[in-house]
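1. build me a structure from this.
(one chain, ligands or ions: 1)
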Amino acid sequence: MNDDAPTSLTINQSAPPLDLQRIIDDIVDRIADETERGHVATYIPELAKADLNSFGMAVVPTAGPTVVAGDADVEFSIQSVSKVFTLAMALQEIGTRVWRRVGREASGNAFNSIVQLEHEHGLPRNPFINAGAIVIADILLGNRTPAEAIANILDFMRRATGDDTIAIDEAVAESERRTGDRNRALANFMKAEGNITHDVEDVLEVYFNQCAIAMSCRQLALAGRFLVQGNALQDGGAPIVSSRRVRRITALMMTCGHYDASGEFAFQVGIPGKSGVGGGILGIVPGRASIAAWSPGLSAKGNSLMATLAFREFARATGWSVFGPLSD
Ligand code: GLU
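-> Coordinates of the predicted model:
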């Protein structure tokens, strides 16, 4: 080995600070020019009312002020982004016993696939596909009523965000209840296999309501702070979730956060993220920032086209991919 070789990696500490406001303003301008903006989710009729031209972004860095751009204060349905928070709650509640009932592998199938569940005897691949999140809702029900479990989830979201106004969009919840037969099928099948312990309608009431929480990009990025640094957000002196769990949750976001396009998001963006069919994406850059982007038009795989593009541009401009900066 060459004696002159450095004995440790050095990080360029002298790089100029990033102008995050300018970076996201540029992204808003770039996105305004995009004409192919995807399709709104129509299988939940209330979501079909969203405006394809909407786009917002918010970044809450560990160093420096929060920056927002575009429709960052417009509320949208967080849908499956809620699954990150309910997983954190379930891990706090029953610890690693969560993993006896739900796996940690990417699914490679649609988020609401029934086929895979049958193959795997009612044990969902991961907590971010619908079946997995329904099991997590069953865990959060514990010995509570659905109303109490829903109130706990809202309370968690409000504490994480530091905003007591966060609420459920009742019209979206009702729309999900009316059209949720596929989720009913998943839940009933898992009940038959012994992996749902409560009444299916009670479990789904929790699940539909968590998906129907309405938040803006600013609120969602604030809510994600506890995932940036395990101990960064103190809540009455105690971290919301331990740093060990934060690492596990963000690992799952990277591998399973974008349905069966999770590999592509890791490849293109390299930031752990979780998307929802409302068009939102929450991204976590460990140690650096919590980021939310939203635009309701989806790709064929159910991820917001414009929010994905925004994350790609953001990772490129900041060099904050967890796999290192892009040099091209
Ligand atoms: N509530 C939606 C459903 O169960 C969530 C889908 C999603 O955002 O992935 O179909």
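2. residue 48 and the ligand, how far apart?
-> 13 Å (Cβ to the nearest ligand atom, to the nearest Å). (Glycine included, C-beta is placed from N, CA and C.)
3. secondary structure class for the nearest residue to that residue once chain neighbours are set aside?
-> Nearest residue to residue 48, sequence neighbours excluded (Cβ to Cβ, 6 or more residues apart in numbering): residue 42, at 4.5 Å. Three-state call for residue 42 (DSSP: H, G, I helix; E, B strand; the rest coil): coil.
4. shouldn't residue 42 be in contact with residue 175?
-> No - using Cβ atoms under 8 Å, residue 42 is not in contact with residue 175, being 10.9 Å away.
5. more crowded one of these two?
-> For residue 42 versus residue 175, the count of surrounding residues by other Cβ atoms under 10 Å is larger for residue 175: 21 against 10.
6. residues contacting the nearest residue to the more buried one once chain neighbours are set aside?
-> Nearest residue to residue 175 in three dimensions, chain neighbours excluded: residue 46, at 3.6 Å (Cβ to Cβ, 6+ apart). Residues in contact with residue 46 (Cβ atoms under 8 Å, 6 or more residues apart in numbering) are 77, 169, 171, 172, 174, 175, 176.
7. mind checking pLDDT for the residue of the stretch 101-250 of the chain found nearest the ligand?
-> For the stretch 101-250 of the chain, the residue closest to the ligand is residue 211, as judged by Cβ to the nearest ligand atom, at 3.6 Å. With respect to pLDDT, residue 211 has a value of 98.
8. now do it against residue 80, distance only.
-> 7 Å (Cβ to Cβ, to the nearest Å).
9. next: residue 121.
-> Using Cβ to Cβ, we find residue 121 at a distance of 24 Å from residue 80.
10. which elements pack onto the longest helix along the chain?
-> Assignment by DSSP state H gives helix 146-161 as the longest helix of the chain. On a contact count with 3 or more Cβ pairs under 8 Å, 6 or more residues apart in numbering; DSSP states H and E, helix 146-161 meets helix 82-94, helix 130-141, strand 167-168, helix 200-211, strand 213-215, helix 217-223.
11. contacts for stretch 113-127 next, please.
-> Applying Cβ under 8 Å, 6+ apart, the contact partners of stretch 113-127 are 83, 86-87, 90, 98, 101-107, 109, 129, 131-136, 182, 185-186, 189-190, 192-195, 252, 255-256.
12. repeat the analysis, applying 6 Å as the threshold.
-> Contacts to stretch 113-127, defined as Cβ atoms under 6 Å, 6 or more residues apart in numbering, come from residues 87, 102-105, 107, 109, 131-132, 135-136, 185, 189-190, 193, 195, 256.
13. weed out the non-buried ones from those.
-> In the contacts of stretch 113-127, burial by neighbour count holds for 87, 102-103, 107, 109, 131-132, 135-136, 189-190, 195, 256, counting by 16 or more other Cβ atoms under 10 Å.
14. the residue lying closest to residue 284 once chain neighbours are set aside: how many residues sit nearby?
-> Among residues not flanking residue 284 along the chain, residue 227 sits closest, at 4.6 Å (Cβ to Cβ, 6+ apart). By the criterion of other Cβ under 10 Å, residue 227 has 29 neighbours.
15. again, but for residue 93
-> Using other Cβ under 10 Å, residue 93 has 14 neighbouring residues.
16. what does the protein put close to the ligand?
-> Within the chain, the positions adjacent to the ligand are 79, 80, 111, 112, 130, 176, 183, 211, 276, 277 by Cβ under 6 Å from any ligand atom.
17. dump the C-alpha coordinates for stretch 208-221 into PDB.
-> Provided in PDB are the C-alpha atoms of stretch 208-221 (Å, rounded to 0.1, in the frame of the first residue of the first chain):
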ATOM      1  CA  PHE A 208     -58.800   5.000   6.200                       C
ATOM      2  CA  ASN A 209     -58.600   7.900   8.700                       C
ATOM      3  CA  GLN A 210     -54.800   7.900   8.900                       C
ATOM      4  CA  CYS A 211     -54.700   8.100   5.100                       C
ATOM      5  CA  ALA A 212     -57.200  11.000   5.100                       C
ATOM      6  CA  ILE A 213     -55.000  13.300   7.300                       C
ATOM      7  CA  ALA A 214     -54.600  16.600   5.400                       C
ATOM      8  CA  MET A 215     -51.300  18.400   5.600                       C
ATOM      9  CA  SER A 216     -49.300  20.900   3.700                       C
ATOM     10  CA  CYS A 217     -45.700  20.400   2.500                       C
ATOM     11  CA  ARG A 218     -44.500  22.800   5.200                       C
ATOM     12  CA  GLN A 219     -46.300  20.700   7.900                       C
ATOM     13  CA  LEU A 220     -45.200  17.400   6.500                       C
ATOM     14  CA  ALA A 221     -41.500  18.500   6.300                       C
END
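18. right, and residue 245 touches residue 90 too?
-> No - between residue 245 and residue 90 there is no contact under Cβ atoms under 6 Å: 10.3 Å.
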